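Asks: Turn this into a structure:
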Amino acid sequence: MAYKAEYIWIDGTEPSPMLRSKTKILPDGAEIGDLEAAPIWGFDGSSTNQAPGANSDCVLRPVFSCADPIRGGNNVLVMCEVLLPDMTPHITNTRAACAAVAEEFTNEEAWFGIEQEYTLFESDGVQPLGFPEGGFPEPQGPYYCGVGSNHIFGREISEAHASACIEAGLGISGTNAEVMPGQWEYQIGPLGPLEVSDQLWVSRWLLHRIAEEFAVAVSIDPKPVKGDWNGAGCHTNYSTKAMRESYQPVIDACEALGKNIEEHIANYGPGNENRLTGEHETQRIDQFSYGVSDRGASIRIPWQVERDQKGYLEDRRPASNMDPYLVTKLLLKTTCS
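Replies: Residues are numbered from 1 along each chain as shown. Below is the predicted model:
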């Protein structure tokens, strides 16, 4: 029996790319699990900010597939990279450069765990869940990991999303309510650079798709509500084999990151200057620091890492709308070169 393959890709919208997808019907026996044999497909790049109308053809090449937890059955989700018709990477294809760096530093055995924060809005995209119309809820405090309908808004979406990620076989490791009403987080990893990036993008698609069922909009804007409210980040936990075996490589990595601040900030997500203000558990965007248990630092070394004298670091600078292909590539290059 024929089945559906949802081809997902990252478009060329600026400053923050959007996810797009369309459905390919595959005949019975057409195995998409073998990505080398998976059929490529095309799309109209002039409608996704990726090509002019006079030369609009772009190519989708599958790079990751998993079960489709929404449709069920034999249906699948297929993450794709975008190519030009000559089969070279499109300018919006950040995965290709990440793959090259991942291959260069494969002996480092890098692991990444990414904490994706997001904010739920009414379908108009203006009113955050949990905010009274035309006003504000009580100040931050009771919402983080809270319980109760007076403090928690959108749990049904978070639960449905977590279950969908599990059913899809993604490496989701947790989820929780965040500091602002209607704000949530989930974590993907630990996985290698390409695996965590592919799966984070698929998990984002699933989040948007599930929110559709509840007539709710998902925002990954790094500062979705102005004022005295936490922004939304994508804290990235990172280690190499050497860091997991001893403490000095953790410190060396922190020192290396402090010498390449501008390139990282430039690639850590648009609008991040509205979030990295030195308040709300952030370091200022124009400053760099690292410290044990310090959530006001650029890089946090978890307390147990100092105690065990081995482990990982948490880069707290990436914004919620960051591109994981860019972030994982930069962390590898900066700390391993």
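Asks: Could you use CA atoms for every contact and neighbour count after this?
Replies: Fine.
Asks: Could you pull out the helices in the stretch 1-150 of the chain for me?
Replies: 95-104 (DSSP state H, counting those that start in this stretch).
Asks: which residue ranges form the strands in it?
Replies: 3-10, 19-26, 41-44, 57-67, 76-83, 111-122 (DSSP state E, counting those that start in this stretch).
Asks: Next, find the distance separating the spatially closest residue to residue 285 that is not a sequence neighbour from residue 260.
Replies: Using C-alpha to C-alpha, 6 or more residues apart in numbering and skipping residues adjacent in sequence, the residue nearest residue 285 is residue 276, 5.0 Å away. Note on residue 276: its distance to residue 260, by C-alpha to C-alpha, to the nearest Å, is 17 Å.
Asks: who has more neighbours, the two?
Replies: The residue with more neighbours, out of residue 276 and residue 260, is residue 276; 26 against 13, by other C-alpha atoms under 10 Å.
Asks: pLDDT score for that one?
Replies: On the pLDDT scale, residue 276 is placed at 95.
Asks: OK, contacts around it?
Replies: If you count contacts by C-alpha atoms under 8 Å, 6 or more residues apart in numbering, residue 276 has them with 282, 283, 284, 285, 317.
Asks: which two in those are spaced the farthest apart?
Replies: 284 and 317 (9.4 Å; C-alpha to C-alpha).
Asks: more crowded one of these two?
Replies: Neighbours per residue, other C-alpha under 10 Å: of residue 284 and residue 317, the larger number sits with residue 317, 26 against 19.
Asks: Tell me if I'm right that the more buried one and residue 269 touch.
Replies: No: with contact defined as C-alpha atoms under 8 Å, residue 317 does not reach residue 269; the gap is 9.2 Å.
Asks: list the residues that contact both of these two?
Replies: Counting by C-alpha under 8 Å, 6+ apart, nothing touches both residue 317 and residue 269.
Asks: Would you enumerate the residues in contact with the nearest residue to residue 239 once chain neighbours are set aside?
Replies: Among residues not flanking residue 239 along the chain, residue 312 sits closest, at 4.6 Å (C-alpha to C-alpha, 6+ apart). For residue 312, the contacting residues are 237, 238, 239, 240, 243, 244, 250, 301, 302, 305, by C-alpha under 8 Å, 6+ apart.
Asks: can you list these in TSV and add secondary structure and neighbour count?
Replies: Converted to TSV, the contacts of residue 312 look like this (DSSP: H, G, I helix; E, B strand; the rest coil; neighbours: other C-alpha atoms under 10 Å):
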residue	secondary structure	neighbour count
237	strand	21
238	strand	26
239	strand	27
240	coil	24
243	helix	23
244	helix	19
250	helix	26
301	strand	23
302	coil	17
305	helix	19
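Asks: In the helix of greatest length in the chain, which residues are buried?
Replies: As assigned by DSSP state H, the longest helix anywhere in the chain is helix 193-213. Across helix 193-213, burial judged by 16 or more other C-alpha atoms under 10 Å covers 193-211.
Asks: Over to stretch 118-126?
Replies: For stretch 118-126, by 16+ other C-alpha under 10 Å, it's 118, 119, 120, 121, 122, 123.
Asks: Next: stretch 274-281.
Replies: Buried residues in stretch 274-281, counted by 16+ other C-alpha under 10 Å: 275, 276, 277, 281.
Asks: what's the answer for stretch 94-111, then?
Replies: By 16+ other C-alpha under 10 Å, the buried positions in stretch 94-111 come out as 94, 95, 96, 98, 101, 102, 105, 108, 110, 111.
Asks: where does the last one land on pLDDT?
Replies: The pLDDT attached to residue 111 in the predicted structure is 98.
Asks: Make sure it is actually in contact with residue 191.
Replies: Yes: contact status for residue 111 versus residue 191: in contact at 5.1 Å, counting by C-alpha under 8 Å.
Asks: List the buried residues in stretch 323-337.
Replies: By 16+ other C-alpha under 10 Å, the buried positions in stretch 323-337 come out as 323-335.
Asks: What mean pLDDT does it get?
Replies: In the prediction, stretch 323-337 has an average pLDDT of 97.
Asks: try stretch 137-144
Replies: 90.
Asks: for stretch 88-103, same thing?
Replies: For stretch 88-103, the mean per-residue pLDDT is 98.
Asks: Test my guess that residue 115 contacts residue 185.
Replies: Yes: if you go by C-alpha under 8 Å, residue 115 and residue 185 touch, sitting 6.5 Å apart.
Asks: And those two? Which one has more around it.
Replies: For residue 115 and residue 185, the more surrounded residue by other C-alpha under 10 Å is residue 115, and the numbers stand at 25 against 20.
Asks: Quick one: residues contacting the closest residue in space to the more buried one that isn't next to it in sequence.
Replies: Nearest residue to residue 115, sequence neighbours excluded (C-alpha to C-alpha, 6+ apart): residue 187, at 4.4 Å. Applying C-alpha under 8 Å, 6+ apart, we find residue 187 in contact with 113, 114, 115, 116, 172, 173, 174, 175.
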